[in-house]
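> give me coordinates for this.
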Amino acid sequence: MLLLSRKMILRRLSKTSLKKAMSAYGFEIVQTLIVDIEPDINVKRAMNEINAAARMRVAANEKAEAEKILQIKRAEGEAESKYLSGLGIARQRQAIVDGLRDSVLAFSENVPGTSAKDVMDMVLVTQYFDTMKEIGASSKSSSVFIPHGPGAVRDIASQIRDGLLQGNSAQQ
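You can find the predicted model right below:
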């Protein structure tokens with residue numbers, strides 16, 4: 001298949017039509033030179049619309065690609081933030097566990113006759129009351145209180161302990 005440029009097509013058309021028109025008068029056209037092409041205004045408008053549509057398509061693709069990159073970067077940032085938040089929570093919990101262990105050991109050594117269970121019960125009660133104090137101290141808190149009494153703390157402590165023991169036995 002032979003591909004011809006616009007100039008070549010116009011040159012051939014003009015040469016052919018000129019040859020026919022001039023041969024009647026005895027002239028022979030050997031070569032034609034096209035210097036400036038001035039197409040019809042409708043042709044110009046159509047060509048401009050084609051070019052504008054092509055540019056709009058490219059611009060739309062570029063805009064969509066930029067939006068895609070923004071969404072990907074936003075998601076990557078959120079993932080990194082959640083990962084770092086998880087690391088922070090894990091370190092916080094490890095520090096709490098280490099502090100509780102040290103407290104239990106120190107209390108058991110300094111107060112003869114106490115067991116680790118007694119110390120943990122006391123720590124749980126202390127944390128419970130600290131939490132209640134924090135909830136009550138905030139004027140903007142919206143909390144729901146469930147009826148309970150001091151004996152319920154022992155129940156909560158035993159439920160927590162049973163849950164931890166069940167979790168440990170399930171892992172082993």
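> residue 104: neighbour count?
19 (other CB atoms under 10 Å). Yep, even glycine has a C-beta here, placed from its N, CA and C like the rest.
> which non-adjacent residue is nearest it?
Of all residues beyond its chain neighbours, the one nearest residue 104 is residue 119 (4.5 Å), with distances taken as CB to CB, 6 or more residues apart in numbering.
> surely the one you found meets residue 106?
No - with contacts counted by CB atoms under 8 Å, residue 119 stays clear of residue 106, the gap being 9.2 Å.
> higher neighbour count, those two?
Ranked by neighbour count (other CB under 10 Å), residue 119 and residue 106 place residue 119 first, with 18 against 11.
> in the host helix or strand of residue 136, what counts as buried?
Using DSSP states H and E, residue 136 sits within helix 116-137. Buried residues in helix 116-137, counting neighbours by 16 or more other CB atoms under 10 Å, are found at 119, 120, 121, 123, 124, 128.
> check contacts around the first one.
What that stands for is residue 119. Counting by CB atoms under 8 Å, 6 or more residues apart in numbering, residue 119 touches 103, 104, 107, 108.
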